[in-house]
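> based on what follows, work out the 3D shape:
(one chain, ligands or ions: 1)
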Amino acid sequence: MVETLAAPAKYYQGPDILRELYTYIEHIGEKFAVLTDNIVLEIVGDRIREGFEGTGATYDVVLFAGESTREEADRIVELTTRGHHDGIIGIGGGKVTDTAKLVADISGLPVVIIPTAAATDAACSAMSVVYDENGTFVVSKKMKKNPDVVLVDTAVIMGAPLRTFIAGVGDAFACYYEAKACRKSGAMNYNGGVGTQAAFAIAELCNKVLRENAVCAKAAVEKKQWSEALDKTIEANIYLGGVGFENNGCAIAHGVYNGMTAVIKPFHAMHGEAVAVGTLIQLAAEKVSTEEWNDVTDFYKQMGLPVCFEDLGVKNLDDELIMKIADAACTVSPNVHKMPFDVTPALLFDAIRTVQERNGGSIS
Ligand SMILES: [Zn+2]
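Coordinates of the predicted model:
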């Protein structure tokens, strides 16, 4: 079995570093396409302008049409070809940055990813989620390479809604538990091998950093006041969780999330919120000790993370819906089958019921 580790070529994180943007990307070229939307532009437009000021380098803003589709990527590839750009910069949420990755993958241009919230661990990975024009999931596409630069302006992240930050903790928190399961089963990561020692150490560190800092970091976001705990948690949400999941693999936590989104429509919870409940379902399936269970749910409660389906806005959960989610999780995603034991719809059905029963969720 081949052991692998993939990560972005360069990662920068700090307060206001967007104001010096070009310093971090000058090795790429002198003319860039900046893919973003009007809302993000209103928040960080001045910073980007400042980041290029007096450098001699230029950029053209390309407004994102709203959905991360293959057609949208092709449209932008054409614009970057006509514009003779040296690189593409994706600034914003997951759909914008995934589209920027796809544009880079098709065109061969270097890509710079600038997340404006720490809501998921997607920024660092060589994965791009593609949807159709109706917003329905099409494929999670593997890119030829990880981003050339990931740049995280912690002042911008701190200004994003608290809910996005908490969801990001939920997404990153799953990393260690899924990594541990994949390591036990020998399941393949997203890189065609199994994680190196460094890969697993990153997943362990992610867990440790979140345990020690995330609750304090939440208070910092609430008060909009920078703290070291916030800085460490942002790194866990974006880098440790991202490099951690890509190199160790996902398991039930993300697999059940895929099942939920396939069955529950419309689904209002954020990715990281649903993955957080997915982690509890995984722990129930693993039949962890009461001590470990309480330890995790205590952390969730302090963090304000969802502990049952009601917290995800899913009401009227009954046995039929639970079975549909369990069935979908076993068919739409390979993730649930990366566990060190056989995962069947019946096993997930029991695990979902366990989470609901233990955490005060109802089953109608
Ligand atoms: Zn995730």
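
> what sits against residue 77?
103, 106-107 (C-beta atoms under 8 Å, 6 or more residues apart in numbering). The way it works is simple: take the backbone N, C-alpha and C, and place the C-beta from them, glycine included.

> output those as a markdown table; include the columns neighbour count and distance to residue 217.
Below are the contacts of residue 77 laid out as a markdown table (neighbours: other C-beta atoms under 10 Å; distance: C-beta to C-beta, whole Å):
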| residue | neighbour count | distance to residue 217 |
| --- | --- | --- |
| 103 | 27 | 32 |
| 106 | 16 | 37 |
| 107 | 20 | 37 |
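
> select the longest helix from this protein.
helix 197-223 (DSSP state H).

> can you pull the buried residues of the helix or strand just after it?
Per DSSP states H and E, the first helix or strand lying C-terminal to helix 197-223 is helix 228-235. For helix 228-235, the neighbour count (16 or more other C-beta atoms under 10 Å) marks 229-235 as buried.

> helices or strands next to the host helix or strand of residue 275 in the packing?
Under the criterion of DSSP H and E, residue 275 resides in helix 271-285. For helix 271-285, the packing partners by 3 or more C-beta pairs under 8 Å, 6 or more residues apart in numbering; DSSP states H and E come out as helix 162-185, helix 252-263, helix 290-303, helix 345-358.

> those helices: which one's closest to residue 20?
Closest approach to residue 20 among the helices and strands packed on helix 271-285 is made by helix 162-185 (23.9 Å; C-beta to C-beta).

> domain parsing of this protein, as residue ranges.
3-159, 162-358 (automatic domain parsing).

> got CSV for these, with distance to residue 364 too?
CSV is the format used below for the domains of the chain (distance: least, C-beta to C-beta, whole Å):
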stretch, distance to residue 364
domain 3-159, 28
domain 162-358, 5
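
> mean pLDDT added to those domains, as JSON lines?
Rendered in JSON lines, the data for the domains of the chain read as follows (pLDDT from 0 to 100):
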{"stretch": "domain 3-159", "mean pLDDT": "96"}
{"stretch": "domain 162-358", "mean pLDDT": "96"}
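
> what are the buried residues along the longest helix of the chain?
For helix 197-223, using 16+ other C-beta under 10 Å, the buried residues are 199-200, 202-203, 205-207, 209-210, 213-215, 217-218, 220-221.

> most neighbours per residue, which of the helices and strands packed on helix 271-285?
Comparing the helices and strands packed on helix 271-285 by mean neighbour count (mean count of other C-beta atoms under 10 Å), helix 252-263 ranks first with a mean of 26.

> other residues contacting the host helix or strand of residue 243?
Here residue 243 sits within helix 241-248, counting by DSSP H and E. Contact partners of helix 241-248, identified using C-beta under 8 Å, 6+ apart, comprise 4-7, 121-127, 168, 171-176, 178-179, 182-183, 189-191, 195-196, 199-200, 202-203, 206, 254.

> would CSV of the helices and strands packed on helix 271-285 with distance to residue 113 be doable?
Formatted as CSV, the helices and strands packed on helix 271-285 follow (distance: least, C-beta to C-beta, whole Å):
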stretch, distance to residue 113
helix 162-185, 15
helix 252-263, 20
helix 290-303, 26
helix 345-358, 33
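
> wait, which of those helices is closest to residue 28?
That would be helix 162-185 among these, by C-beta to C-beta, at 26.8 Å.

> need the next SSE after that closest one, C-terminal direction.
With secondary structure assigned by DSSP H and E, helix 162-185 is succeeded by strand 194-195.

> name the helices or strands packed onto that next one?
By 3+ C-beta pairs under 8 Å, 6+ apart, strand 194-195 packs against strand 3-4, helix 162-185.

> dump the ones you listed to TSV, plus distance to residue 41.
As requested, the helices and strands packed on strand 194-195 are arranged in TSV below (distance: least, C-beta to C-beta, whole Å):
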stretch	distance to residue 41
strand 3-4	37
helix 162-185	18
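
> which among the ones you listed is found nearest to residue 60?
That would be, of those and by C-beta to C-beta, helix 162-185, which comes in at 27.8 Å.

> among the contacts of residue 77, name the ones in strands.
Among the contacts of residue 77, none falls in strands (DSSP state E).

> dump those residues to JSON lines, plus distance to residue 355.
Putting the contacts of residue 77 into JSON lines (distance: C-beta to C-beta, whole Å) gives the following:
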{"residue": "103", "distance to residue 355": "39"}
{"residue": "106", "distance to residue 355": "41"}
{"residue": "107", "distance to residue 355": "44"}
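
> with those in mind, which one is nearest to residue 266?
residue 103 (28.1 Å).

> would you check that that closest one makes contact with residue 79?
No: contact status for residue 103 versus residue 79: not in contact, 9.1 Å apart, counting by C-beta atoms under 8 Å.

> picking that back up, between the helices and strands packed on strand 194-195, which gets nearest to residue 67?
So among the helices and strands packed on strand 194-195, helix 162-185 is nearest, using C-beta to C-beta, at 19.4 Å.

> which elements pack onto the closest one?
strand 194-195, helix 197-223, helix 241-248, helix 252-263, helix 271-285, helix 290-303.

> relative to residue 363, which of the ones you listed is closest?
helix 271-285 (14.0 Å).

> next one: the closest one to chain centre, how far?
14 Å (C-alpha atoms, centre = their mean, to the nearest Å).
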